[in-house]
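Colleague: pasting the sequence and the predicted coordinates here, then a few questions.
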Amino acid sequence: MSFFLILKNFLINSIQLQNNRSYTLFLITSFVIFILIKFSPSMFPLMLPDSQDYLSINNSNTRTSIYPGLNQLLNYLKIDIVELQVLVLSISLSSIILSLTYRTKSLTVFFISSIFLCSNYYYTSFSKTILTESFFFSFINFVIAIIIGLKKQTNLIFLILGILNGLIITIKPIGIIIVIPVILYLIFKNKVCLFRQFLLLGSCLTMILLESFLFHSYHEKRSSILPEAMSGKIYMISGYHGFDYKIFPEKFRELIKEIEKKSENVNEFLQSIDNPLLKIDLTADYEVVFQTQTFNIIKTQDSALFQEFKDDKDNFYICLKNNILNYISLSFSHYLGQWLTGPKFIFWDDLTKIGKHKIPYYENLILSSSDFDRPSKITLYISLIFFLSLFITFTLISFISIFEIFKKRKFDLVTLLVVTAQLYLIATSLVNISTIRYLMPIYPLIILTIIFFIFDKIDLTPKRNNFRNLKED
């Protein structure tokens, strides 16, 4: 008997029988994924520009305290946090793959989900750097794996789900966008009793309160990078047609008028670019330039006034109220940009033909680029085609799911994945810039959604009723 036949028989028995073989398969799968991630190429160095904030809770009052607190504890225990990140991410991916496999009882599902979830080196590279992303990915994976495999409701399951959802929020505040639809689905779709609702919500809230207590043990108040992000949007929008600097308080008008001139140059340059993918990528980069380097660009002498403008939240609301269509246009560009893998690196030759002297703030633009080990151009091309294909497929499935919500009053697991992923992508595009990095937390949700949809339309599962049950959960 060949090795592959033995492997096939073992897998079939493991996914059809809920016995000790299932646990063995889980351990083997987790170990194999761990080895793949550990020895796969890493696209990032250990330390990125914002990694310093996560080394200690004292380092920044704009970051939550869970990750730096854990890092401090592991340093004391002489445990490498990167090794832990790789391990936890491996287990989470194994959990999500096997939960889907046990539910569909399909070897095809096992191999397809394994390939797409484990071969994305950009995704797994975050486990090898000092950032919150890897744990953020893992906690989301665990929650989705439990929901997929949820056959019998128990108090322990809802306690664990509450803790995981709390960790998703506390490690990255944007995680609340993911947690809200998940909790609503768990409560209303499964008709959870009052006590289990209390366990779910109570344990989630407890994690949030614990993080707050830990944070305020080191800092008097919590700051945010949101004002800087929102200021970047004002500066970017100020160069759009129809912008009027006179809508702002009089003391800020001269400052905004000066910024408006710089932004108009940038936006005129962007409009001159024929390649839409390159234009989207550079739009995000220029917004980063405005977020971080505007003070140096306009060379203002009144640093206090500049800081006051950034800190005044009313300025963003004034800009939004009078430029809502421009804000939506900019956010839509960022939404599309989250699906792109570095067009500026692929089409850099097209950009350099323009000439450095014709590219506004060229040196500032270079400084805004993220530090990572750039793959070959052919790899970038393949990645770009892959993610654009994902975008088109996922968008079509999203429209179908939205139709089912309103027309058929149907909200199944696939719809949950679609709604959660789309809400997250929309939220990040509204409050931040576009980068493929922001797509990664919900990358497994997108892959699972496409697998669910395809296997529902073409009968590839050996027992189609199992998949029907999955869709109806």
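Modeller: Cool, got the structure.
Colleague: where in this protein is pLDDT low?
Modeller: Regions of the chain meeting the criterion pLDDT under 70 cover residues 1-21, 300-301, 350-357, 368-374, 457-473.
Colleague: care to break this protein down by domain?
Modeller: Residue ranges of the domains in the chain are recorded as 3-221+377-472, 226-368, according to automatic domain parsing.
Colleague: possible to save those domains as CSV with mean neighbour count?
Modeller: For every residue, glycine as well, the C-beta is placed using N, CA and C. Output for these, formatted as CSV (neighbours: other C-beta atoms under 10 Å):
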stretch, mean neighbour count
domain 3-221+377-472, 18
domain 226-368, 17
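Colleague: from Phe135, how far off is Gln147?
Modeller: Rather than Gln, residue 147 is Ile. Computed with C-beta to C-beta, to the nearest Å, the distance linking Ile147 and Phe135 is 19 Å.
Colleague: what's the answer for Ile35, then?
Modeller: Between Ile35 and Phe135 the distance, using C-beta to C-beta, works out to 20 Å.
Colleague: same check on Gln52?
Modeller: For Gln52, the distance to Phe135 equals 18 Å [C-beta to C-beta].
Colleague: also Leu388?
Modeller: 29 Å.
Colleague: likewise Thr428?
Modeller: 18 Å.
Colleague: list the helices and strands the helix or strand containing Pro227 packs on?
Modeller: According to DSSP states H and E, Pro227 maps onto helix 226-237. Helices and strands touching helix 226-237, by 3 or more C-beta pairs under 8 Å, 6 or more residues apart in numbering; DSSP states H and E, are helix 250-271, helix 276-298, helix 303-311, helix 314-322, helix 324-337, helix 413-431.
Colleague: save these as CSV, and put in distance to Asn75 too.
Modeller: Output for the helices and strands packed on helix 226-237, formatted as CSV (distance: least, C-beta to C-beta, whole Å):
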stretch, distance to Asn75
helix 250-271, 43
helix 276-298, 30
helix 303-311, 34
helix 314-322, 38
helix 324-337, 36
helix 413-431, 31
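Colleague: and of the ones you listed, who's closest to Phe394?
Modeller: Proximity to Phe394 (C-beta to C-beta) singles out helix 413-431 among the helices and strands packed on helix 226-237, at 7.5 Å.
Colleague: the closest one vs helix 276-298, what angle?
Modeller: For the pair helix 413-431 and helix 276-298, the angle between their directions (axes from the mean of the first three to the mean of the last three C-alpha atoms, to 10 degrees) equals 40 degrees.
Colleague: mind exporting the C-alpha coordinates of helix 413-431 to PDB?
Modeller: In PDB, the C-alpha atoms belonging to helix 413-431 read as follows (Å, rounded to 0.1, in the frame of the first residue of the first chain):
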ATOM      1  CA  LEU A 413     -23.000  31.300   8.300                       C
ATOM      2  CA  VAL A 414     -21.900  32.400   4.900                       C
ATOM      3  CA  THR A 415     -23.800  35.600   5.300                       C
ATOM      4  CA  LEU A 416     -22.200  36.100   8.600                       C
ATOM      5  CA  LEU A 417     -18.700  35.800   7.100                       C
ATOM      6  CA  VAL A 418     -19.600  38.200   4.200                       C
ATOM      7  CA  VAL A 419     -21.200  40.800   6.500                       C
ATOM      8  CA  THR A 420     -18.300  40.600   9.000                       C
ATOM      9  CA  ALA A 421     -15.600  40.900   6.300                       C
ATOM     10  CA  GLN A 422     -17.300  43.700   4.500                       C
ATOM     11  CA  LEU A 423     -18.000  45.800   7.600                       C
ATOM     12  CA  TYR A 424     -14.400  45.400   8.600                       C
ATOM     13  CA  LEU A 425     -13.100  46.400   5.100                       C
ATOM     14  CA  ILE A 426     -15.500  49.400   5.000                       C
ATOM     15  CA  ALA A 427     -14.500  50.600   8.500                       C
ATOM     16  CA  THR A 428     -10.800  50.400   7.800                       C
ATOM     17  CA  SER A 429     -11.200  52.300   4.500                       C
ATOM     18  CA  LEU A 430     -13.200  55.000   6.300                       C
ATOM     19  CA  VAL A 431     -10.700  55.600   9.200                       C
END
